[in-house]
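Engineer: With the sequence up front, the predicted model follows.
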Amino acid sequence: MARSPSLCGVILAAGASTRMGSDKSLLAWPPQSCRPKSLRETFLGAHITALSPHCDMVIVVAGANESQISPIAYSLGSFLIRNNAPELGQFSSLKLGLQDVLNRGRDSAIVSLVDRPPVQPATMEKLHAAFLEASEDDAWGVVPEFEGKHGHPYFAGRDLIEALLRAQLTMTARDVMHSLSSHLRYIPVNDPYVSLNVNTPEDYAQLGQVTSE
């Protein structure tokens with residue numbers, strides 16, 4: 001049976017950004033030394049903008065930073081939910097986001113991490129097309145791959161969503177995904193951002209040098 005094209009974006013943005021020293025959701029994108037010129041020109045704003053053309057709606061999972069990032073989420077037409085215990089780890093935020101996807105009547109999701117640069121539009125197009133095609137062989141989801149590394153955003157159908165929700169909170173999303181690898185399709189993309197984490201000011205400065213070249 002063909003998969004419904006209806007999708008819901010989920011952006012995980014509840015982390016404390018301890019190593020960065022400031023909220024990564026609010027970092028300027030593209031990288032620059034001054035403050036972002038608009039809410040759209042932040043990591044979070046750029047992620048919402050990247051996902052929105054492929055979704056009916058976007059859900060942002062916040063933590064203690066809810067009041068700081070809610071203006072970005074709401075100004076760009078997203079929904080925002082709060083993880084009241086982000087110290088339980090990123091998987092706890094993922095579970096909250098995916099449950100909200102189901103609660104809102106959707107059964108497919110695009111999961112993205114706010115601490116990675118937003119991927120190229122061509123990457124999103126390729127992954128979306130692959131997700132729709134994957135339904136023909138009953139794949140549960142598609143995951144981008146760059147130089148052998150798996151990354152985000154990944155597209156998850158109902159079966160994958162339910163498997164992630166059933167998993168113990170002591171596990172990680174990576175553990176669960178690896179255990180289900182036979183049900184997933186890994187899609188090679190020419191986009192290093194799918195697997196590039198930005199955790200420190202040095203990472204961000206280096207990213208700025210790359211994008212300015």
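Structural biologist: Alright, I've got the coordinates. Numbering: from 1, shown residues only.
Engineer: ok, Arg116 - contacts?
Structural biologist: If a contact means CB atoms under 8 Å, 6 or more residues apart in numbering, then Arg116 has Gly151, His152, Tyr193, Val194, Ser195, Leu196, Asn197, Val198 as its contacts. In short, each C-beta sits where N, CA and C put it, glycine included.
Engineer: Would you mind naming the residues that bridge with the closest residue to Tyr154 other than its chain neighbours?
Structural biologist: Distances taken as CB to CB, 6 or more residues apart in numbering place Val143 nearest to Tyr154, at 4.4 Å, with adjacent residues excluded. In this structure, Val143 bridges to Tyr186 when assessed by DSSP bridges.
Engineer: circling back: out of the contacts of Arg116, which is most surrounded?
Structural biologist: Val194 (26 neighbours; other CB atoms under 10 Å).
Engineer: lowest-confidence helix or strand of the chain?
Structural biologist: When each helix and strand of the chain is scored by mean pLDDT, DSSP states H and E, helix 201-212 comes last, with a mean of 73.
Engineer: which stretch of helix or strand covers His73?
Structural biologist: In this structure residue 73 is Ala, not His. Per DSSP states H and E, Ala73 falls inside helix 66-75.
Engineer: wait, doesn't Ile59 sit right on Val101?
Structural biologist: Yes - here Ile59 reaches Val101: they are 6.8 Å apart, a contact under CB atoms under 8 Å.
Engineer: beta partners of the closest residue to Phe79 other than its chain neighbours?
Structural biologist: Spatially, and ignoring its direct neighbours in sequence, Phe79 is nearest to Ile59 (4.9 Å; CB to CB, 6+ apart). Counting by DSSP bridges, Ile59 is bridged to Val10, Phe79.
Engineer: Just the helices from the chain, written as ranges.
Structural biologist: Taking DSSP state H as the criterion, the chain carries its helices at 43-51, 66-75, 90-103, 121-134, 158-166, 173-179, 201-212.
Engineer: Any chance of a markdown table for the ones you listed, columns distance to Ala14 and mean neighbour count?
Structural biologist: Shown next, in a markdown table, are the helices of the chain (distance: least, CB to CB, whole Å; neighbours: other CB atoms under 10 Å):
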| stretch | distance to Ala14 | mean neighbour count |
| --- | --- | --- |
| helix 43-51 | 12 | 25 |
| helix 66-75 | 9 | 17 |
| helix 90-103 | 5 | 20 |
| helix 121-134 | 23 | 18 |
| helix 158-166 | 16 | 18 |
| helix 173-179 | 14 | 15 |
| helix 201-212 | 19 | 13 |
